[in-house]
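> turn this into a structure:
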Amino acid sequence: MASISPELSEPEIPKATRTGFALTGLAALGIVFGDIGTSPLYTLKTAFDFLSSDPTPERILGILSLVIWTLFLITSIKYVALAMSIDNDGEGGILALMSLLGVQRHRRPAIVLAGLLGAALIYGDGAITPAISVLSALEGLDIAAPALQQYEVPAAVAILVVLFAAQPLGTSRIGAAFGPVMLVWFLTIAALGIWGLAQDPWVLVAVNPYYGLHLLATNGFGGFAVLGGIFLCVTGAEALYADMGHFGKRPIRASWSWIVFPSLVLNYAGQCAIALRGESIANNIFFRLCPEPLLIPLICLATVATIIASQSIITGAFSMTRQAIQLGWLPRLHITQTSDRGYGQIYVGVVNWLLMTVTIALTVLFHSSDGLAAAYGIAVSLTMLMTSFLLFIAMREIWRWNLWLSAATAGLFIVIDAGFFASNSLKIAEGGYVPLLLAAVIYGLMLIWHRGSVAVAHSMEQTPMTVPKFLADLTARGVPRVPGTAVFLTRTTSGVPPVMSWHLRHNRALHERVAVLNVVTESRPRVHWPERMTIVEEGDKFWRVTAHFGFMQRPDIPHLMAQAEQRGCGIHLDDVTYYVGHENILHRRQGPAMPHWQERIFAAMARNASHLTDYFWLPRDQVVEIGRQVLI
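Numbers count the residues shown, from 1 in each chain. Next up is the predicted model:
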């Protein structure tokens, strides 16, 4: 693969760093690979159902062939080799790719819409992943203890409630155990697969893609429909790219190539081998790989593994929410940092409880992994299709590939993703509408919030007074300069900000020292010193501070102003007052910027957004809020 991109040919890791590299790879097993790692619990079970549970040798080999090549082409080539070579300052995921292409390549509208749609779709399937994972693990009781079958759904609901209820506590304490547990899980499913292969090694001929193509060509509509089940084997592939910023490319690539991919292929092959031998595919064939005395321990391990997979999805939803907020596509939500050990250790209450409500409702409504499988995959397949289109643009504009090579490479993935999406679309009436409906709601809210924010900014636009003229006017009018420091937070980049004019109009005095602060969120993950901050003295004891943060950084204003003071800004932080503006949104009767129903939704979102004081970590007893009515 060295000819694809220079980044794919990586130098050897120095011996001194191999221990740390191994530990990072182990941690990645617990966070990155939980979803795709637990897919053997339900993938073949669902795929066999699509073919009317008729396990002829040709169909079994065809299904296994499709699974192996789907894992290889989509995960190993598209995501691990290609997508992870396109990073936004080390960050991955569809939002990071959207920012990289949309801003740096000046094709923002279409690219942004594709990226936002992909992000919204991930939320849709994110609500299903915990439900289908936990249910599929508990379904091993159908074989081990059929009498307990009636308790599977209540047990799944109880596990999910505990999982979501524990989110405010953070995962820093238990997160260290995720990697070792998932390592045990992958070694276990690999061992089970080897045991199954020993029953009928002939199944390995399915590595030949002929068997998969033959299945699609000779089974008509059933061959097309089975793609919806096959796709479940890669539903966690998007997480490999999205979590790249947490662990880096090398640990994820090494963990996938040396542990995860071989374990998955061995397990899928083992399941198909015992099916070839004549083992019943009723219930869940995954658990039929296990010797009966070890079945209960395997069910317990599978349940823990699916809880870890669910935790990964929830954490990913929190991280993606923060990215969307920083990029201006969602209102400010209250974000709690649950650990000082890592920036990714956060908790977003609104997202957590909404996900819990939807996940538990789906668990109760669909009762089993079979029912949920009908709703699963359609959103992720469309997200992958969006990613393939963005990869095509990246190949042309970042790697500078010629049109034919870009079209051939990205076109292959677009055709595959489109086929999976078309097959998954058959599930819409059976439950596939659920993630699509959730995604449509989130997508709509993102667009309304952004459109409303632009309308507010446009409504507040005015020709600002220059600072020298403003200060001269203060002197001419005899406006007193009282002791202390005032920091005015504003969106304006020049002149006197509106919030300062409002303050002066009502209080008829201004602090002796004044700093105007403009916080800019860049469309890149991180901004480092010295680019982080610029300070300009525009008048007598009047400074303009412009702070640049990446969308993965936390804007801590008191810390920033302390840095500004050290760099020559003559403010005194021991006597500082922060002034922030607060807009009350009202509907403009003449020439409104957006339909009334959208304006009402935007106003409701604005009212319930996290306060700027919390968002910027401002000390509450040093903040003055100045309100203003804004017509849009």
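> where does the stretch 101-250 of the chain dip in pLDDT?
Scanning the stretch 101-250 of the chain with the threshold set as pLDDT under 70 gives 102-108, 171-176.
> so which residues of it form helices?
With DSSP state H, counting those that start in this stretch, the ranges of helices along the stretch 101-250 of the chain come out as 108-126, 129-138, 141-144, 152-165, 172-199, 209-218, 220-225, 227-230, 237-242, 244-247, 249-255.
> ok, and the closest non-adjacent residue to residue 270?
Leaving aside its chain neighbours, residue 270 sits nearest to residue 196 (2.6 Å; criterion: Cβ to Cβ, 6 or more residues apart in numbering). Using the backbone N, CA and C atoms, a C-beta is placed for each residue, glycine as well.
> what's the distance between the one you found and residue 58?
Going from residue 196 to residue 58 by Cβ to Cβ, to the nearest Å gives 19 Å.
> these two: who's more crowded?
Under the criterion of other Cβ atoms under 10 Å, the comparison of residue 196 against residue 58 puts residue 196 first, with 28 against 13.
> next up, phi/psi of residue 127, please.
phi -80, psi -20 (degrees, to the nearest 10).
> cool, residue 584 as well?
Dihedral angles (degrees, to the nearest 10) for residue 584: phi -100, psi 120.
> tell me the contacts of the residue nearest to residue 270?
267, 269, 270, 271, 272, 273, 274, 289 (Cβ atoms under 8 Å, 6 or more residues apart in numbering).
> and for the residue nearest to residue 209 when sequence neighbours are not counted, the neighbour number?
Distances taken as Cβ to Cβ, 6+ apart place residue 69 nearest to residue 209, at 5.5 Å, with adjacent residues excluded. Neighbour count for residue 69, taken as other Cβ under 10 Å: 19.
> for the stretch 351-500 of the chain, what spans make up the strands?
Using DSSP state E, counting those that start in this stretch, the strands of the stretch 351-500 of the chain run over residues 481-489.
> so, low pLDDT: which residues of it?
Residues of the stretch 351-500 of the chain meeting the criterion pLDDT under 70: 461-463.
> mind listing the helices for it?
Using DSSP H, counting those that start in this stretch, the helices of the stretch 351-500 of the chain run over 369-373, 378-397, 403-425, 433-459, 467-477, 498-507.
> a markdown table please, covering those and showing mean neighbour count.
Converted to a markdown table, the helices of the stretch 351-500 of the chain look like this (neighbours: other Cβ atoms under 10 Å):
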| stretch | mean neighbour count |
| --- | --- |
| helix 369-373 | 22 |
| helix 378-397 | 23 |
| helix 403-425 | 17 |
| helix 433-459 | 18 |
| helix 467-477 | 14 |
| helix 498-507 | 17 |
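> quick one on the thing from earlier: helices or strands next to the one helix or strand the residue nearest to residue 209 maps to in the packing?
According to DSSP states H and E, residue 69 maps onto helix 57-70. Helices and strands touching helix 57-70, by 3 or more Cβ pairs under 8 Å, 6 or more residues apart in numbering; DSSP states H and E, are helix 43-50, helix 209-218, helix 227-230, helix 261-277.
> what's the longest helix in this structure?
helix 295-326 (DSSP state H).
> next SSE after that one?
Moving toward the C-terminus from helix 295-326, the next element (DSSP H and E) is strand 335-337.
> who does the next helix or strand along the chain from that next one pair up with?
Where DSSP H and E defines the elements, the next helix or strand beyond strand 335-337 is strand 346-348. With DSSP bridges as the test, strand 346-348 is paired with strand 335-337 (antiparallel).
> would you mind measuring from the residue nearest to residue 407 when sequence neighbours are not counted to residue 79?
Spatial nearest neighbour of residue 407, excluding adjacent residues (Cβ to Cβ, 6+ apart): residue 392 at 7.3 Å. For residue 392, the distance to residue 79 (Cβ to Cβ) stands at 15 Å.
> cool, and residue 223?
Distance from residue 223 to residue 79, by Cβ to Cβ: 25 Å.
> show me which of those two is the more surrounded one.
Shown here are residue 223 and residue 79; by other Cβ under 10 Å, residue 79 has more neighbours (26 against 21).
> can you check the distance spanned by stretch 494-513, start to finish?
18 Å (Cα to Cα, to the nearest Å).
> same check, this time on stretch 84-94
So stretch 84-94: terminal residues 11 Å apart, Cα to Cα.
> roughly how far is that stretch from the heart of the chain?
13 Å (Cα atoms, centre = their mean, to the nearest Å).
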